[in-house]
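Colleague: pasting a predicted model and its sequence here:
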Amino acid sequence: MAEHEAAYEGGTGTAVPPPEDRDPMAVLALPDDLRFPGTPAEAEYEAYFRIGRARPEPGLWTRALLRTQSAFLADLPATGLGDRERADLLAGFVLLGHTALAAAPPPAGLADEEEPQLPPPPGGLPPLGRWRLGHQIFHLLLALMNSLLDEAIRAAEAAEWRRVTPLVDRLRLLYDAATAAMSYAADFGDDPLGAYRSEVRPTMEPPFVSPGFSGTFNREHRETTRLLRQLRRALKAAAPDDHELRTAADALRAAQSRNRANHLLICERCVPEGVSLLREHLTAQRPPHPPTPPDA
């Protein structure tokens, strides 16, 4: 039974009890996020972007943060990001680092297990490497946003408005950092369309992944969207003369609008025809329309 539990805790998915285990009262291993582990499409999405699932543990979070931050800083000089995007991303890393430091010291021996940091290739990461690293940074930022959203919603539902305002301010900062992370992920140099079509998009198609690969499989982002709607509803109970909170909430909505506009800009730059892999797949699955009979 210990082996059964260890297999689940290692992040390998839904564990299967050994054949000899027929005890109806045996310990049931459930995900500690209280949710189903995810659909096969989500698992494939996460495997593509090199995202693993494990039990919440500050040391693992710190290690993941150090690795993505080191890789990003090494690649940053070769990017075309503007000053605003660089500042937003670096501010996001500051908040991520603060969270890691405040949570707990890393476990003993963590430094001995640290993966070696390879020097960046000349000219920065190739498009596919930057695409994946940018998404990993995006996921880290969303995970912290979800924790802050939980806290802000609880405070709002308890009418603790003094606690809510600084949390909403931090969420705005992280939202802009997440937007900059996606700009970084899609920063493919002078020919973004050519780089995306030749080096990135083919890796998200068969035979590498299943048809219909999509960002809709991003579990953190779906949770962020749900929690933002919940926070907006909770903020309606705030006093209308609480100008600091209203200003913070307006700034968060503006950050969300910037994120959506930036997403559209990336799509126009990399997929000007506007056909996503998921839409392309769904269109291919539709039965053809029967021919229209000629007029009598």
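Modeller: Received the coordinates, thanks.

Colleague: assess the claim that Ala152 and Val164 are in contact.
Modeller: Yes. Assessed by Cβ atoms under 8 Å, Ala152 is found in contact with Val164 at 5.5 Å. Bear in mind the C-beta positions are built from the backbone N, C-alpha and C, glycine included.

Colleague: helix, strand or coil for Pro240?
Modeller: For Pro240, the assignment made with DSSP: H, G, I helix; E, B strand; the rest coil gives coil.

Colleague: in the stretch 1-150 of the chain, which spans are helices?
Modeller: Counting by DSSP state H, counting those that start in this stretch, one finds helices in the stretch 1-150 of the chain at the ranges 2-9, 40-48, 58-75, 83-103, 110-113, 127-157.

Colleague: how about the ones you listed, which one is nearest Val209?
Modeller: Nearest to Val209, of all the helices of the stretch 1-150 of the chain, is helix 40-48, at 5.4 Å by Cβ to Cβ.

Colleague: which one is Arg269 nearest to, not counting chain neighbours?
Modeller: Pro192 (5.1 Å; Cβ to Cβ, 6 or more residues apart in numbering).

Colleague: Provide a list of residues in contact with that neighbour.
Modeller: Shown in contact with Pro192 (Cβ atoms under 8 Å, 6 or more residues apart in numbering): 186, 269-270.

Colleague: got TSV for these, with distance to His139 too?
Modeller: Below are those laid out as TSV (distance: Cβ to Cβ, whole Å):
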residue	distance to His139
Ala186	16
Arg269	22
Cys270	20
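
Colleague: who wins for most neighbours among the residues you listed?
Modeller: Within the contacts of Pro192, Ala186 tops the neighbour count with 22 neighbours, counted by other Cβ atoms under 10 Å.

Colleague: that one contacts Arg269, correct?
Modeller: Yes. Between Ala186 and Arg269 there is a contact under Cβ under 8 Å: 7.1 Å.

Colleague: how much space between the residue nearest to Arg269 and Pro126?
Modeller: Relative to Pro126, Pro192 is positioned 13 Å away (Cβ to Cβ, to the nearest Å).

Colleague: do the same with Leu235
Modeller: Taking Cβ to Cβ as the criterion, Leu235 is separated from Pro126 by 43 Å.

Colleague: just the contacts of Pro192 now: which is nearest Arg86?
Modeller: Nearest to Arg86 among the contacts of Pro192 is Ala186, at 15.1 Å by Cβ to Cβ.

Colleague: so who does the closest one touch?
Modeller: 131, 134, 192, 196, 266, 269-270.

Colleague: let me have those in a markdown table, extended by distance to Ser214 and pLDDT.
Modeller: As requested, these are exported to a markdown table (distance: Cβ to Cβ, whole Å; pLDDT from 0 to 100):
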| residue | distance to Ser214 | pLDDT |
| --- | --- | --- |
| Trp131 | 15 | 95 |
| Gly134 | 17 | 94 |
| Pro192 | 20 | 91 |
| Tyr196 | 15 | 93 |
| Ile266 | 15 | 91 |
| Arg269 | 18 | 88 |
| Cys270 | 15 | 86 |
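
Colleague: would you turn those into TSV with secondary structure and distance to Gly215?
Modeller: Putting these into TSV (DSSP: H, G, I helix; E, B strand; the rest coil; distance: Cβ to Cβ, whole Å) gives the following:
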residue	secondary structure	distance to Gly215
Trp131	helix	12
Gly134	helix	12
Pro192	helix	17
Tyr196	helix	14
Ile266	helix	11
Arg269	helix	16
Cys270	helix	13
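
Colleague: more neighbours: Leu235 and Pro126, which one.
Modeller: Leu235 (20 against 13).

Colleague: on that earlier part again, out of the helices of the stretch 1-150 of the chain, the one nearest Pro206 is which?
Modeller: For the helices of the stretch 1-150 of the chain, the distance to Pro206 is smallest for helix 40-48, at 11.2 Å, taking Cβ to Cβ.

Colleague: now that closest one: average pLDDT?
Modeller: Average pLDDT, helix 40-48: 86.

Colleague: repeat for stretch 135-153
Modeller: 95.

Colleague: same thing with stretch 224-241?
Modeller: 92.

Colleague: who touches that stretch?
Modeller: Contacts for stretch 224-241 (Cβ under 8 Å, 6+ apart): 142, 145-146, 149-150, 152-153, 156-157, 159, 161, 164, 168, 245-246, 249, 256.
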